[in-house]
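Novice: Sharing a model that was predicted from the sequence below.
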Amino acid sequence: MLILTCPNCGIAADETELHADGQAHITRHGAGASDDDLETYLFMRNNPKGVHFERWRHVYGCGKWFHAARCTMTLEVFGTYPAQTLEPPKELVAKIKKKRPDWEGFVK
Amino acid sequence: MKRYSAFAIAREAARYHTGWERAWRSPEPKSHYDVIIIGAGGHGLATAYYLGKNYGITNVAVIEKGWLGGGNTGRNTTIIRSNYLQDPSAAIYEKARSLYETMSQDLNYNVMFSPRGVIMLAQTEHEIRGYQRTAHANALQGVKTEWIGPERVKQLVPIIELSGPRYPVLGGLWQSRGGTARHDAVAWGYARACSNMGMDIIQQCEVTGIDKSDGNVTGIQTTKGAIKCNKLGMVVAGNSGHLADMAGFRLPLESVALQALVSEPIKPCMDVVVMANTVHGYMSQSDKGEMVIGGGTDGFNNYTQRGSFHHLEETVRALIETFPMISRLKMLRHWGGIVDVTGDRSPIIGTTPLGNCYINCGWGTGGFKAIPGSGWAMAEVIATGEPQGLAAEFGLNRFQEGRFIDESVAAGVAH
Amino acid sequence: MSTRIQTGGRHLDRSKQVHFNWAGKQLTGYGGDTLASALLANGELLVGRSFKYHRARGLIASGAEEPNALVGLGTGAKFEPNQRATTTELFDGLVAKPQNAWPSLAFDVGAINKMMSRFFPAGFYYKTFIHPRFAWKHVFEPIIRKAAGLGAAPTEKDVDRYEYFYAHVDVLIIGGGIAGLASALAAGQAGASVLLVEQTAHFGGRAVVDGVDVDDEEAEIWVEQTLAALREMPNVTIRNRTMGAGVYDHGYATVYERITDHAPNMDTPRHRLWRVRAGRIITATGAIERPLSFAGNDIPGVMLAGAVRDYLVNYGTSLGDRVVIATNNDDAYRSAIALVEAGLDVPAIIDARTTADGELPTLAREIGIRVETGKAISSVKGNKHVTGVGICSQAGEGGELEEIKCDGVAMSGGWSPVVHLWSHCGGKLNWDADQCMFRPDPNRPPLGHDGAGFVHVTGTANGYLDAAGVMEDAIKIGKLAAKETGHKPKATKVPSVFSAPENPIEPIWQMPQGMSRKLQMKTFLDYQNDVKVSDVRLAAQEGYQSVEHTKRYTTLGMATDQGKLSNINGLAILADSLNAEIPAVGTTTFRPPYQPISMGAIAGDARGELFKPIRQSPMHHWIDNNGGFWEPVADWRRPYCFQQNGESVGDAVTREILNTRQNVGLLDASTLGKIIVKGPDAGKFLDMMYTNMMSTLKVGRCRYGLMCTENGFLSDDGVVARIDEETFLCHTTSGGSDRIHAWMEEWLQTEWWDMRVYTANATEQYAQIAIVGPNARKVLEKIGGMDVSADALPFMAFKDGELGGIKARPYRISFSGELSYEIAVPASQGQAFWDMCMEAGAEFGIQPYGTECLHVMRAEKGFIMIGDETDGTVIPQDLGLSWAVSKKKDDFLGKRAQQRSHMVDPKRWRLVGLKSVEPNDVIPDGAYAVDGTVRDNGVKHMIGRITSSYFSPTLNHAIAMGLVEDGPERMGDIIDFPTTDGRVIKAEICDPVFLDPEGTRQNV
Amino acid sequence: MSNAVTALNGAKYSGLIDIADAGLMGMITLRGDLASAAMAKVVKSITGAKMPKPRGVETAGKGSVAWMSPDELLIMVDYPAADAAEAKITDALSGQHHLAVNVSDARAVFDLTGDHLRDVLAKGSPTNLNPDALPIGEVRRTRLGQLAVAFWFTDESAAKLVCFRSVGDHVFKWLANAAQNGSSPNFHSDMR
Ligand SMILES: Cc1cc2nc3c(=O)[nH]c(=O)nc-3n(C[C@H](O)[C@H](O)[C@H](O)COP(=O)(O)OP(=O)(O)OC[C@H]3O[C@@H](n4cnc5c(N)ncnc54)[C@H](O)[C@@H]3O)c2cc1C
Ligand SMILES: NC(=O)c1ccc[n+]([C@@H]2O[C@H](COP(=O)([O-])OP(=O)(O)OC[C@H]3O[C@@H](n4cnc5c(N)ncnc54)[C@H](O)[C@@H]3O)[C@@H](O)[C@H]2O)c1
Ligand SMILES: Cc1cc2nc3c(=O)[nH]c(=O)nc-3n(C[C@H](O)[C@H](O)[C@H](O)COP(=O)(O)O)c2cc1C
Ligand SMILES: [Zn+2]
């Protein structure tokens, strides 16, 4: 039963107030995209054992989307940040690196 | 291998059962095998079994990071049915179901396949239409199913409440030869048969790397050292993404927790398996008497084999509405498994970007019932090197082509 | 024989007699009894039958760990199977009956299994019942099922209430023994908010039974004082009869409060399942005593030594007059001493250790008890109750040295910390070889959301067996938890605690050491599931060596007590069989709940009316009162039709269709989604959301639009109206409003956050009422207030104004092919407007109509319906809707996906109309068309399927829509639809627009 | 507007707490740049209240305003005043990107009073209802049972609760069930 702090409204929200929606920072490939890019966009997922960046919506709260960095093995939450960004904030990446020295770093 | 029988038990009883031999050997890995299968779940073991049985390939190792059958095969709600909508699904699940019918005899191990019948309840007009569609398709596919009305449902399941205030039971899709089997026994029976064919089942041995050369696999790295092979099959369910990562490719799937629970055992009160998909609950009663209950998946990636409690609430809530008498039963235990869910929620069986590496995954929430069919199909793919037969439509390429095998379309779910 | 004695009984209120019924007998106990203590006091030693062999079983324990004493409690709608007598408080009128025995507990037919037990070792069923094939299902399985199963299934609907409660605290403390109390005090004094829960009715745990002294007084006094102090603290909440059930990720815990189980007539919820979010959880859950593994250790009268003491001290009840003690540790001597002090006889203490010279053994000898060291129990005499024990040397193979007459055996194999809750969420254990126990490894705790450990264990649960150690540890842990949750612990004095010192335990995993397989077959590990030492050894021998395999092969620890007594003993035997160390074998996984919890509590209040919310339109009650036949549509209820005096549903639908086509009909369309999209980029945004062009829509006009997923599949449709230059109102399907609104927000927030667009879901702001039929305009003209003529309000336009004095926005849109207005009015005035329409329409033949009439009318016009013609795999092109898919736009959601090879495959099935050759033959929904060929695998080749099918009263003909291979190119062909009852229905492929293809009816 | 009715139609229940239909209330969803001066000004002129801080509710003579999300406010005025208020906002903010929608009819509003308020709400909402986590004057958008609601305390034993109109009936029944006498968990009410 996760608890995630919504960066938009500041509430530490219960998992049941949130909606999870998979991997974050996926590049949209629309009209004109190659078959490979389209397939990657729609289906291919990192699914890591370990650090994962993912999308959440505070659906029973402020209604806003945000991103979370979470470990899929321990469920530790490294941080949450607004969804309006193409990659995770630098400080967060540094913080994770410190906690998980073996982590390869953020890959899209 | 000594055969199991009532006579053998009587003989052993006389000497207080001191004479039974091991069900399977626990060998150390050899340096090379013709085929290595990663994952000693039902699918991996069945693949090995049919490699031996159908193709005579027995220089095979099945590598298991924990104890065999301890993945999802050891933690599922054991529902077996084949009334799937889409042709490729109906074909492989029906093959599996028919193999379950004779599995105890084939393996000389009682897997307790119990074709007690499965009802999928229709609780909305939409569901009625979906199931009628499936019934029509099944009739043409040669899968025996039947649409039944509420009275018949009540006859089959006397404890059901037909007129729930929210979702009355409007009928159901009934597969009389669906049912359950003893999940652990399926893994154990295959393991015993594989071991008996001379295959090595290596437990407590985790695969940590895949050795490659020129786009082919040469062997694997494990916690018990390096092992070489001519062909590699990956059959690791929830860990597929992780293994693919080691091998250097990505898969169109995500790993999430799916949960189940059992009640305390009670005397028999429900003879068939009931699935209520509108309200997300399914239930059967095991031979020991527990009500075995399955629920929904979590929305987030997770490898902990623990799920979130609120899914159990939802499931139990729904089932109490459907079976009011369970309100005063108690939950004995609940647990989770990590299931691999693909983009269209159907499995993947076939080739990979690596030449001699084959994959079988994506069974998600519903692959127990498929074990023998999947093993059969996967063995064919590995033996021939071609995605063909039952596996033909389940290749990875379907995602790029947009050729989905989507079972959710007719009010269907995968369990 | 067990009986009530004159003295003792801390929990008893001897002034209050309580009457209850056991197995049809009227018995009497005292206030404060548990069902178990009352049965014991009444000499009812035999309380159950085991699962597999139906062996006669007696009470073994006094608390949650009891495996045998499971009863059927209550009657009728309050009947509950498998209730533990030891955790059931006695109340007046309690009715309980034994389980798993037929015809009676004393004489059980199933007990025949016991005679045959040699043929039923672990896993025997995997090896037999294989032939003949059908026999498993028809012969063997039914027999096994009948024999298994414990309690009877309830038959009635539960009449009790249940509820949830969410609580946020700094520190949750589970267990109200001295450890829990001391931790609570320390954390509470530091200012942390604390919730302390104890599963039983009483606080104090073992220390008060064991004669521990705190600050030179009986522990009980300290317990009372501490409770009083805690009750004074506003930041501390205390609950008894409340069990820590499960520990989950991120500090979440389920806590099970049994509010009325001890007083079932209270008018409050029966159980309350707390969902606690705690900064830290402290488990102070004590320890559970282990049985000893000797032959006959399951015969009624064999009991845990600690339980013997509990019954004596807490309930003034003796197990028997002559109780032999069997032990491998000093603690059991406390029971011996307590029995003698109560005036009972202890013929001998059989201590398997070679020496026993600690303080307690010395005291025992001093008061005249015979102590035998290096000895073991070789057998237990008696059948339905103990009559004596045989003694042998522990080091040998079981040759009997002596028989000692007795009527009870108190055994102790040492204590296992209750580490369940620590382990639920991943806490790891270490094997403490000195104390023979698994104890929590503080370096590997369960990790919380911040990556730090969030569970602490304290007291005996943390491996401290001596009371002084418990107290010190508990205060330390209480302070630590407070500190970790941001509080400043105060310096406090640790009370001085005294309990008799103890010498070390010795690991004794079977008694005697060299017992034969034959004796092993009489030596029980898991009482409820009848798992014996021989079974575990057999599992090891057959290769089921992983502790998890052993568990599943033998069912060890899988009963309703989850192996609280048996798991450690079992894995020690397994380790021995494998020649492995105990820690190498490890434990099985601990899973919630700690003890079984009611399904009712898990479901909470969401039952009956509250099961799931039903969304109601503003006209809901009117519809309900006027013959509305409800159907669930997403979370709404919509009327399928309105039944008039006794007519059938089918007749009602026909009447509604004909009336609407001939006169005028009224439809509640309020459930349609209405989403407002506004901003300078609104047009651009909607051009991405819809397949067609929305930016070119003129103010005041409407356009039908399609939405697809990124996979190209049609997901919703609806009419879009342009309110002003920057504002659009998008209609969605009834089921789609929340989904589509969320979908729009998702794109705006997570992909195109640079677009200046705001959305709002205004679905429920409006009641939307459709007036449909040739007389529609007349009705509105009569209501008056706005010019609704064809010129003023042409087809596909809308207008703001007033109708009948109510602010209204009529849209000239039609889903039926008739002259039609959909009128949006404020929801609060929806009913008023509806009434106005009914009144004004009376002279024009107005009648309300439901969803089925709507469906048939739209099918007559060939309009698609999301969910009928679409199923998540259909693209607009399949449905002949290419006209609504813009070719001019660079991009829209789903565009690229629609270009994939499978999507442009000319063999995709496409929409056509289908007219049954036989006019009355309605093709069943979902039927597939075949061309007569059969594929290699025997499957009949399918070439299409029905998506909607109705009998059209307007055309007096069965009509259908369907997707057919090459369909649009095969107009006029007749194709076959086999039905599941073996018939074949023939239908002609035709245009899907069956009625008024020119649109003359709607465009007037 | 004499024929306007609320979804709750005057429903009342009395138990651990008193539950009452709060009647018709004018409500406007206002989205836009909450930092803009024009926004603060028009909010003030309509409600008399100042711009709320995140999660805050401000009340003054003419009405209230609640912070709903970083770009959304809920303006509360008398029911008959809502249309005019909406028009006024639209007018005042005409130059800047915003959205103002009258949602008065889309909601059901409850008045809740009584000492067991926090205990009753905590039967259905996973949010932290401790007074330090949810003080008077802060709005919480959360889940109650299976539904989205928003509530805020106006004093320690009084709160307003807003939900969608179509589920007003369900929320009422849920609250009445949770507020049955004798069923207080006494967590918030007794201990604090
Ligand atoms: C709660 C639950 C209920 C379910 N209910 C049903 C149902 O009713 N009916 C139904 O048909 N299906 C059901 N399923 C799905 C079904 O259990 C699975 O689809 C099926 O068991 C998958 O079998 P498998 O052999 O592919 O995977 P598994 O049994 O999971 O086997 C994979 C094995 O691979 C091993 N492995 C992983 N990584 C490595 C590595 N690096 N090295 C070595 N070994 C590795 C794992 O340890 C594991 O033993 C359910 C699943 C769950 C979790
Ligand atoms: N010398 C020995 O061999 C020995 C062995 C065991 C205990 N003891 C003595 O027992 C005392 C132990 O004190 P303690 O406080 O650590 O343990 P305790 O056993 O006295 O108290 C634990 C309490 O936790 C409760 N509990 C257990 N699981 C629970 C759950 N899931 N939810 C709610 N309540 C739960 C129990 O009902 C009990 O009241 C000390 O005096 C110690 O010396 C001694
Ligand atoms: C069909 C089925 C029936 C089960 N019945 C029981 C049972 O009667 N008692 C029990 O303790 N566990 C039962 N379990 C649960 C297992 O103990 C175990 O929790 C599950 O296999 C997952 O493994 P894990 O908990 O060790 O991770 C059952 C599991 C399944 C799949
Ligand atoms: Zn938020």
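Specialist: Everything's here; your move. Ligands and ions are numbered 1, 2, ... in the order given.
Novice: starting at the chain centroid, how far to stretch B:32-42?
Specialist: 18 Å (Cα atoms, centre = their mean, to the nearest Å).
Novice: Domain map for chain C?
Specialist: According to automatic domain parsing, chain C comprises the domains C:3-119, C:162-287+C:417-491, C:291-413, C:523-585, C:640-668+C:765-857, C:673-761, C:877-990.
Novice: Indicate which one of these is closest to ligand 1.
Specialist: Nearest of the domains of chain C to ligand 1, taken as Cβ to the nearest ligand atom: domain C:523-585 at 11.0 Å. C-beta coordinates here come from the backbone N, C-alpha and C atoms, glycine included.
Novice: From A:Ala12, how far off is the residue of chain D found nearest ligand 3?
Specialist: For chain D and ligand 3, the shortest gap (Cβ to the nearest ligand atom) falls at D:Pro126, measuring 26.2 Å. Distance, D:Pro126 to A:Ala12, using Cβ to Cβ, to the nearest Å: 10 Å.
Novice: And these two? Which one has more around it.
Specialist: Between D:Pro126 and A:Ala12, counted using other Cβ atoms under 10 Å in any protein chain shown, the more crowded position is D:Pro126 (24 against 17).
Novice: need the contact list for that one.
Specialist: Listed by Cβ atoms under 8 Å, 6 or more residues apart in numbering or on different chains, the contact partners of D:Pro126 are A:14, A:16-17, C:166, C:275, C:277, D:142-143.
Novice: hmm, 6 Å instead?
Specialist: By Cβ atoms under 6 Å, 6 or more residues apart in numbering or on different chains, the contact set of D:Pro126 is A:14, A:16, C:166.
Novice: what do you get for C:Ala284?
Specialist: C:Ala284 sits next to C:175, C:179-180, C:183, C:458-459, C:461 when contact means Cβ under 6 Å, 6+ apart.
Novice: 7 Å instead, please
Specialist: C:173-175, C:177, C:179-180, C:183, C:458-459, C:461, C:474 (Cβ atoms under 7 Å, 6 or more residues apart in numbering or on different chains).
Novice: Next: C:Tyr125.
Specialist: B:110, C:144.
Novice: could I have the host helix or strand of it exported to CSV, CA atoms only?
Specialist: Using DSSP states H and E, C:Tyr125 maps to helix C:124-127. Provided in CSV are the C-alpha atoms of helix C:124-127 (Å, rounded to 0.1, in the frame of the first residue of the first chain):
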residue,chain,number,x,y,z
PHE,C,124,-0.3,-40.3,-0.9
TYR,C,125,-2.9,-38.8,-3.2
TYR,C,126,-0.3,-37.8,-5.8
LYS,C,127,0.6,-41.4,-6.1
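Novice: Could you check that helix and say which residues are buried?
Specialist: Within helix C:124-127, the residues that count as buried by 16 or more other Cβ atoms under 10 Å in any protein chain shown are C:124-127.
Novice: ok, then the element right after that helix?
Specialist: Taking DSSP H and E as the definition, the helix or strand right after helix C:124-127 is helix C:135.
Novice: In space, what's closest to B:Gly248 - neighbours in sequence excluded?
Specialist: Closest residue to B:Gly248 apart from its sequence neighbours, by Cβ to Cβ, 6 or more residues apart in numbering or on different chains: B:Lys212 at 7.1 Å.
Novice: Same question for A:Thr27.
Specialist: The nearest residue in space to A:Thr27 (Cβ to Cβ, 6+ apart) is A:Tyr41, at 6.5 Å.
Novice: now C:Gly398
Specialist: C:Ser378 (4.6 Å).
Novice: Using the three-state scheme, assign the one you found.
Specialist: strand (DSSP: H, G, I helix; E, B strand; the rest coil).
Novice: burial of it, as a residue count?
Specialist: 26.
Novice: Would you check that it makes contact with C:Ile391?
Specialist: Yes - here C:Ser378 lies in contact with C:Ile391, judged by Cβ atoms under 7 Å, at a distance of 6.4 Å.
Novice: For B:Pro27, see how far away the residue of chain D closest to ligand 3 is.
Specialist: 51 Å.
Novice: repeat for B:Gly337
Specialist: 28 Å.
Novice: Looking at those two, which one has more neighbours?
Specialist: A direct count of neighbours by other Cβ under 10 Å for B:Gly337 and B:Pro27 places B:Gly337 higher, at 22 against 12.
Novice: My reading is that the more buried one is in a strand; is that accurate?
Specialist: Yes - B:Gly337: assigned to a strand according to three-state DSSP.
Novice: For it, which residues are in contact?
Specialist: B:72, B:75-76, B:258, B:305.
Novice: per-residue pLDDT, it?
Specialist: Looking at B:Gly337, its pLDDT stands at 97.
Novice: got it, and the one 4 residues further on?
Specialist: We have a pLDDT of 96 for B:Val341.
Novice: got a list of what it touches?
Specialist: By Cβ under 7 Å, 6+ apart, the residues touching B:Val341 are B:253-254, B:256, B:297, B:364.
Novice: Please name the strands paired to the longest strand along chain D in the sheet, noting orientation.
Specialist: Criterion DSSP state E: the longest strand present in chain D is strand D:147-155. Looking at strand D:147-155 with DSSP bridges, its partner strands are strand D:139-144 (antiparallel), strand D:158-164 (antiparallel).
Novice: and that strand, how far from the chain's centre?
Specialist: On Cα atoms, centre = their mean, the centre of strand D:147-155 falls 6 Å from that of its chain.
Novice: Can you give me the buried ones in that strand?
Specialist: Residues D:147-154 are the ones in strand D:147-155 that count as buried (16+ other Cβ under 10 Å).
Novice: Ok, stretch C:686-699 next?
Specialist: So stretch C:686-699, judged by 16+ other Cβ under 10 Å, has buried residues C:686-694, C:697.
Novice: same thing with stretch B:265-280?
Specialist: B:265-267, B:269-280.
Novice: Report how many residues lie close to the closest residue to D:Glu72 other than its chain neighbours.
Specialist: Among residues not flanking D:Glu72 along the chain, D:Arg31 sits closest, at 4.9 Å (Cβ to Cβ, 6+ apart). D:Arg31: 22 surrounding residues under other Cβ under 10 Å.
Novice: and if you look at C:Arg49?
Specialist: 24.
Novice: ok but D:Ser166 is inside a helix, no?
Specialist: Yes - looking at D:Ser166 with three-state DSSP, it is inside a helix.
Novice: Pull the number of nearby residues for it.
Specialist: D:Ser166 has 26 nearby residues by other Cβ under 10 Å.
Novice: hmm, the longest strand of chain D in reach of ligand 4?
Specialist: No - residues of strand D:147-155 are not located near ligand 4 by Cβ under 5 Å from the ion, the shortest gap being 12.3 Å.
Novice: Excluding its own residues, what touches that strand? List them.
Specialist: Contacts for strand D:147-155 (Cβ under 7 Å, 6+ apart): A:60, C:613, D:57, D:66, D:121, D:136-142, D:159-163, D:167, D:170-171.
Novice: So, low pLDDT: which residues of the stretch 301-415 of chain B?
Specialist: B:410-415 (pLDDT under 70).
Novice: one more time with 80
Specialist: B:409-415 (pLDDT under 80).
Novice: So which of the strands paired with strand D:147-155 is nearest C:Ala228?
Specialist: strand D:158-164 (33.7 Å; Cβ to Cβ).
Novice: mind listing what's buried in the closest one?
Specialist: For strand D:158-164, by 16+ other Cβ under 10 Å, it's D:158-164.
Novice: Kindly calculate the angle that the very next helix or strand once past that strand makes with strand D:147-155.
Specialist: As assigned by DSSP H and E, the chain's next helix or strand after strand D:158-164 is helix D:168-178. Angle between the axes of helix D:168-178 and strand D:147-155 is 60 degrees (criterion: axes from the mean of the first three to the mean of the last three Cα atoms, to 10 degrees).
Novice: longest helix in chain A, by residue count?
Specialist: helix A:90-99 (DSSP state H).
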